[in-house]
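A.B. asks: Sharing a model that was predicted from the sequence below.
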Amino acid sequence: EMDRQKQRSKKSSASKVHDWVTLKDTAEKFVGYDATESETYITRYRKVENKDGEFYQIVLEESPFYPEGGGQVGDSGLLQNNNAAVEVLETKKENNLIVSLVKNLPEDVNARFHAKVSTDRRHTMANHSATHLLHEALRTVLGTHVEQKGSFVGPDYLRFDFSHFGKMTDEELAEVERLVNEKIQENIKLDEFRDIPIDEAIGKGAMALFGEKYGDKVRMIQFGSSRELCGGTHVRSTGEIGQFKISAESSTAAGIRRIEAITGQKAREYYNGLEEQINELKQLLKSKDLTKAVEKLIDENAALKSENEGLKKEKANAETAQWKNDFRESNGKNLLVKRADLDAAAIKDIVFTLKKEQPRSVVVVLSENGGKPMITVGVSDDLSGEYHAGNIVKELAKEINGGGGGNPGFATAGGKNPAGLQAALEKAEQL
C-alpha cells in the first residue's frame with residue numbers, strides 16, 4: 001500500500017497546474033465521517049500535468065473521500081453514474097478544499113454522480129483506531145512520558161512513533177499487545193465529539209498530539225479511557241478492529257521508538273501462516289510435541305558436533321605426527337610444504353605445533369574449502385630474522401589471485417583461483 005501511495009503521490013506532484021474551472025458556486029463539505037458513499041456533483045476541476053501525463057483534480061459538493069492527513073492515507077474509490085465511471089486515485093486537502101485526483105474527466109462534468117470509497121477505508125479505519133489503543137497501552141506499560149511523535153495509517157499496516165528512552169523488552173511488547181487486544185475484545189463503542197471547544201476537550205481528558213495545530217473547535221475521539229483529538233476516520237466500536245499484532249519495534253532517532261503492527265485480516269493471515277508452519281514442522285519432525293522434538297534435535301546436533309570436533313582433532317594429530325617426518329633441509333632451514341584437506345582452524349593448530357617443535361622451520365600448507373583456496377605459512381621463532389611469514393604468503397598468494405598477510409611467525413592468504421594452488425606449492429618448494 002505504501003508503494004501505491006508513493007506512485008499516486010508522484011502523479012499528484014504536478015509540474016504544471018491549470019486554473020480551476022468552476023461548475024457550481026456552492027459550499028463543499030466532507031461527509032466521510034458518517035458515510036462511505038454519497039450522491040454528489042463536481043463543483044470545480046482543473047488539469048494538472050507531470051512526467052506521467054495529464055490528470056485532473058476535482059472537488060465534490062459532498063465528498064465521502066477522506067483527504068490525507070494526520071498520518072492517515074487519503075481515500076481512493078469510484079465516481080460513477082449510468083453513463084460514466086471514473087476512478088479516484090487519491091484524495092488530499094488544499095486550501096481547505098478536499099481535492100480528489102482522477103485520470104480522466106467524465107464526458108458530462110455537470111451530471112450527478114455516486115461517489116464510493118474503496119474498501120481499503122475499512123482496514124484503514126481499523127488501523128487508525130488501533131493506534132489510539134496502542135498509544136494508551138504504551139503509556140500504561142512504559143509510563144506517561146510516552147508521547148506520539150508521528151504515525152502512518154494505511155489499509156495494510158500501521159506505524160507509530162513515540163518518545164521512549166530505550167528498546168522495549170519482549171515482555172513489554174507482549175503486555176502492550178495484550179492490553180490492546182483486551183480493549184478490542186471489550187468491543188468499546190466509539191464516542192465522537194465534533195466541533196467542541198478545545199478547552200472542553202482537554203477538560204474531558206483528551207490528549208493533544210505532538211506537532212498538530214488545533215483551532216478553537218476540535219474533534220475528540222473516545223474509546224473508553226482513550227481520548228484523543230483526531231480528525232481521522234474510525235471504527236464504530238473496537239471489536240471491528242478484529243485483532244492486533246505487533247510486527248516490529250525499532251529506533252528511528254535518539255529517544256524515538258517505532259512500532260509497526262497489523263490488524264484484522266492481515267493479523268489473521270499472519271496467524272494462519274504460523275499455524276501452517278507449525279503443521280509442516282510437525283510433519284517434518286514426525287511429532288506433535290514440537291518443543292520436545294526440537295530439544296531432541298538440539299541435543300543430537302550437539303553430540304554430533306562434539307563427535308565431529310573429536311574426529312577432526314584426531315585427524316589433525318595424525319597429520320601432525322606424520323608431517324614431523326616430512327621436513328627436509330633447504331638452505332639452512334627445515335622446510336615443510338603440504339596440501340591438506342583440513343579446515344582453517346585445524347591447519348592453524350598444526351602449523352603452530354610444528355613450528356614450535358621443529359627448530360629453524362618454515363611450514364607452508366595449501367588447502368581448499370568450498371572452492372576457495374587458502375595458504376597458511378608458519379615460521380619458527382629462531383628464524384624470525386631470516387624469514388617473514390607475511391612476506392612469504394603475499395608472494396605465494398599471487399598464484400591463487402588473492403592476498404593476505406600476518407606477522408613474522410604466522411600468516412594466511414585466501415584467493416579466487418583454486419587451480420593456482422599447484423603453482424603456489426611448486427613456488428613454496430623453492431623457498
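C.D. replies: Done, it's in. Residues are numbered from 1 along each chain as shown.
A.B. asks: The stretch 301-431 of the chain: helices as residue ranges?
C.D. replies: Secondary structure of the stretch 301-431 of the chain (DSSP state H, counting those that start in this stretch): helices at 344-357, 389-397, 421-429.
A.B. asks: what's the average pLDDT for the second one?
C.D. replies: To tie it back to what came earlier, the one meant is helix 389-397. Averaging pLDDT along helix 389-397 yields 94.
A.B. asks: Run the chain-centre distance for that helix.
C.D. replies: Between the centre of helix 389-397 and the centre of its chain there are 44 Å (CA atoms, centre = their mean, to the nearest Å).
A.B. asks: Of all the residues in it, which ones are buried?
C.D. replies: 389-390, 392-397 (16 or more other CB atoms under 10 Å). For every residue, glycine as well, the C-beta is placed using N, CA and C.
A.B. asks: Relative to its centre, which residue of this structure is most distant?
C.D. replies: residue 332 (61.6 Å; CA atoms, centre = their mean).
A.B. asks: State the distance from that residue to residue 361.
C.D. replies: As defined by CB to CB, to the nearest Å, residue 332 lies at a distance of 11 Å from residue 361.
A.B. asks: Over to residue 406?
C.D. replies: The value you get for residue 406 to residue 361, if CB to CB is used, is 16 Å.
A.B. asks: Show the pLDDT at residue 61.
C.D. replies: For residue 61, the pLDDT comes out at 97.
A.B. asks: contacting residues around it?
C.D. replies: 24, 26, 28-29, 40-43 (CB atoms under 8 Å, 6 or more residues apart in numbering).
A.B. asks: Could you look up the SS state of residue 268?
C.D. replies: At residue 268 the chain is in helix, as set by DSSP: H, G, I helix; E, B strand; the rest coil.
A.B. asks: Show the contacting residues for it.
C.D. replies: Neighbour list for residue 268: 242-243 [criterion: CB under 8 Å, 6+ apart].
A.B. asks: what residue ranges in the protein are flagged as low confidence?
C.D. replies: Within the chain, the stretches with pLDDT under 70 are 1-14, 209-211.
A.B. asks: circling back to that earlier point, output the buried residues of helix 389-397 as a markdown table; include the columns distance to residue 281.
C.D. replies: Output for the buried residues of helix 389-397, formatted as a markdown table (distance: CB to CB, whole Å):
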| residue | distance to residue 281 |
| --- | --- |
| 389 | 49 |
| 390 | 49 |
| 392 | 51 |
| 393 | 46 |
| 394 | 49 |
| 395 | 52 |
| 396 | 48 |
| 397 | 45 |
